[in-house]
Structure formats: C-alpha cells, structure tokens
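Colleague: only geometry, no sequence info:
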C-alpha cells in the first residue's frame with residue numbers, strides 16, 4: 001500500500017471526534033494547506049490495518065508456531081517438499 005499519499009474513498013461517512021482545543025488552535029491556520037480529512041482518513045486506515053494484522057496473528061498464532069516447528073524439524077517449508 002502506498003503510504004505517501006492519502007487515499008480518498010468516493011463514499012464518505014461522518015465521525016464525531018473530541019480534539020483538544022490546543023490542537024485545534026494549532027491546525028486552524030494550516031487548513032488551507034492541509035486536507036485534514038484526508039490525512040485523518042489515512043491515519044485511521046493505517047491504524048485499522050495495524051489492528052487487523054495483530055488480530056490475524058493472534059488468531060493464527062498456533063498454526064504459525066506449528067509451521068515454524070515443522071520447518072525447524074525438517075528444514076522444509078511445506079508439504080510440496082515431501083517428495084524429496
């Protein structure tokens with residue numbers, strides 16, 4: 001995924017956030033230079049992907065460990081090598 005440019009999806013929804021007044025005061029003068037909606041969308045996407053990856057690893061931890069043990073035992077990465 002290209003992390004250099006925020007991706008803007010065509011269908012939009014709304015979310016309500018609480019942001020400190022100090023942050024709002026700092027970003028207000030920058031709103032003509034920065035698309036904060038697109039930047040926030042990019043950050044939310046990044047956070048969602050990170051959490052989804054972590055959950056995938058948690059769900060598959062047993063299989064990943066077993067696969068690692070099989071490789072350590074045999075030195076081979078999968079059943080396609082059983083013919084050797």
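Modeller: Okay, I see it. The model shown is predicted, which means the values in this text are computed figures rather than measured ones.
Colleague: pull the longest helix from this structure.
Modeller: Counting by DSSP state H, the longest helix found in the chain is helix 36-59.
Colleague: helix or strand right after it?
Modeller: helix 61-74 (DSSP states H and E).
Colleague: give me the buried positions along that following helix.
Modeller: By neighbour count with 16 or more other C-beta atoms under 10 Å, helix 61-74 contains no buried residues. Glycine gets a C-beta too; all of them are placed from N, C-alpha and C.
Colleague: what's the answer for stretch 42-58, then?
Modeller: Residues of stretch 42-58 classed as buried: residue 42 (neighbour count, 16+ other C-beta under 10 Å).
Colleague: can you tell me which residues contact residue 27?
Modeller: Residues counted as contacts of residue 27 (C-beta atoms under 8 Å, 6 or more residues apart in numbering) are 34, 36.
Colleague: which strand or helix spans it?
Modeller: helix 21-27.
Colleague: average pLDDT across the longest helix of the chain?
Modeller: For helix 36-59, mean pLDDT is 97.
Colleague: and it with helix 61-74, angle?
Modeller: Helix 36-59 runs at 60 degrees relative to helix 61-74, counting by axes from the mean of the first three to the mean of the last three C-alpha atoms, to 10 degrees.
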